[in-house]
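Novice: The sequence and its predicted three-dimensional model are supplied below.
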Amino acid sequence: MNAILYAITVVIWGSTWLAIYFQVGEVPVSVSVMYRFALAAALMLPAMALLGKLQKTTRRDQGFMVLQGACLFSMNFLCFYSATQYISSGLVSVIFSLATLFNAVNNRVFFRERLPVSVFIAAGFGLSGLSLLFWPELTDNTNTQVVRGAALAALGTLFFSLGNMVSKRHSQKGLSPLTTNAYAMTYGAGLLVILLVIQRQPLVMSDSPVYWGALVYLSVFGSIVAFTTYLMLVARIGANRAAYATVMFPMIALLLSWWFEGYRFNAAAVLGMALTVTGNIVISQPRWLSRSVQRIYRSRSLRQPNNLPAQMYMTQTKIPNGK
């Protein structure tokens, strides 16, 4: 089940970056994000209520769902959509892959969890691989717009990670992602409406079928389906391991770029893909990594000359019966 949830999350969210790109331009960012989550909430919350799947919650739970809506279903995507106006969607996805590190640090801050070694090793592999994949873009863009876009993408990733922490709190309270997402998307859309009123931003409509097709895809699959599967992963395997799915998103984005935009693979790209997959294995199998490191350490310690006298003593000394 973990593998299925992981695959669904990676494939869908990996493709949403292209859909976000199709929405940027004619319609203001805040309006597009509001459309996305208003549609998702309008589909999800009534359906959950009619099916009797909404769990009972307290006022405190609802308060945290407002916070989740702000972090996961409004502010973070305002940052991501805005970032694509300054840098490419591929570079935004690279920065978004830092969610693994954000989650590890935030788990330490909010839940006093230790930072496992596998997180740092996997992050090293993943970020090195992604840097190779997008190295030309990272080196060619040197103007202030790139700095602004990178800062917005990093801020959006921070909001995403904080939303993960709220979702983890929900899972510890026994609340399912379906219930919390239904409420949080509604609150997120409401917060965006309030923002539009404050900004006096009119509701701009697009005539492009591509825009509306991307909107439906982002609302149904990118929001309802993928967020639910991802938060189910957070509840099942923890925020640190679940967040490494974000390192795999650019891989899907790169394949879509090759298919739709004529991206050409080179040696650096292939090596980057291999490093990213290696990091994925490391973060998915922390126990295997720990056992491997222990085996290597024991095998090296047995070869040390300082251990020879003790080994000879143990093999040559006879212990009397009953002693």
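Specialist: Noted; the coordinates are in hand. Residues are numbered from 1 along each chain as shown.
Novice: which other helices and strands contact the helix or strand containing residue 165?
Specialist: Using DSSP states H and E, residue 165 falls within helix 144-172. With contacts defined as 3 or more Cβ pairs under 8 Å, 6 or more residues apart in numbering; DSSP states H and E, helix 144-172 has these neighbours: helix 59-72, helix 75-83, helix 89-96, helix 99-111, helix 177-199, helix 226-237, helix 239-243. For glycine as for every other residue, the C-beta is placed from the backbone atoms N, C-alpha and C.
Novice: report the angle between the axes of the first one and helix 177-199?
Specialist: Yep, that's helix 59-72 we're talking about. Relative orientation of helix 59-72 and helix 177-199, computed by axes from the mean of the first three to the mean of the last three Cα atoms, to 10 degrees: 70 degrees.
Novice: Let's test this: mean pLDDT of helix 59-72, rounded?
Specialist: If you average the pLDDT over helix 59-72, you get 96.
Novice: Tell me who's in contact with the spatially most central residue of the chain.
Specialist: By Cα atoms, centre = their mean, the mean C-alpha position of the chain lies nearest to residue 246, the distance being 3.7 Å. Going by Cβ atoms under 8 Å, 6 or more residues apart in numbering, residue 246 touches 13, 96, 97, 99, 100.
Novice: and with 10 Å instead?
Specialist: With contacts defined as Cβ atoms under 10 Å, 6 or more residues apart in numbering, residue 246 is in contact with 9-10, 13-14, 93, 96-100, 102-103, 126, 157, 160-161, 230.
Novice: Look up the closest residue to residue 54, ignoring the ones flanking it.
Specialist: In space, not counting the residues next to it along the chain, residue 54 is nearest to residue 48; the distance is 4.9 Å by Cβ to Cβ, 6 or more residues apart in numbering.
Novice: What distance do you get for the one you found to residue 186?
Specialist: According to Cβ to Cβ, to the nearest Å, residue 48 and residue 186 sit 11 Å apart.
Novice: cool, and residue 195?
Specialist: In this structure, residue 195 and residue 186 are separated by 15 Å, where distance is defined by Cβ to Cβ.
Novice: Mind checking which of the two has more residues around it?
Specialist: Neighbour comparison, residue 195 and residue 186: the larger count goes to residue 186, with 21 against 16 (by other Cβ atoms under 10 Å).
Novice: Sort out which residues of stretch 205-222 are buried, please.
Specialist: Residues of stretch 205-222 classed as buried by neighbour count (16 or more other Cβ atoms under 10 Å): 206, 211, 214, 215, 217, 218, 219, 220, 221, 222.
Novice: among the helices and strands of the protein, which one scores worst on average pLDDT?
Specialist: When each helix and strand of the chain is scored by mean pLDDT, DSSP states H and E, helix 308-316 comes last, with a mean of 44.
Novice: Who are the contact partners of the closest residue to residue 95 other than its chain neighbours?
Specialist: Closest residue to residue 95 in three dimensions, ignoring its sequence neighbours and counting by Cβ to Cβ, 6+ apart: residue 153, at 3.9 Å. Neighbour list for residue 153: 76, 79-80, 82-84, 86-87, 89, 91-96, 98 [criterion: Cβ under 10 Å, 6+ apart].
Novice: cool, and residue 161?
Specialist: Neighbouring residues of residue 161 by Cβ under 10 Å, 6+ apart: 71-72, 76, 98-107, 239, 243, 246.
Novice: Just the buried residues of those residues.
Specialist: Neighbour counting with 16+ other Cβ under 10 Å marks 71-72, 76, 98-104, 106-107, 239, 243, 246 as buried within the contacts of residue 161.
Novice: Residue 260: which of the residues you listed is nearest?
Specialist: Closest approach between those and residue 260, by Cβ to Cβ: residue 246, at 21.8 Å.
Novice: Could you identify the helix or strand that succeeds the helix or strand harbouring the closest one?
Specialist: With elements taken from DSSP H and E, the one containing residue 246 is helix 245-260. The first helix or strand that comes after helix 245-260 along the chain, using DSSP H and E, is helix 267-284.
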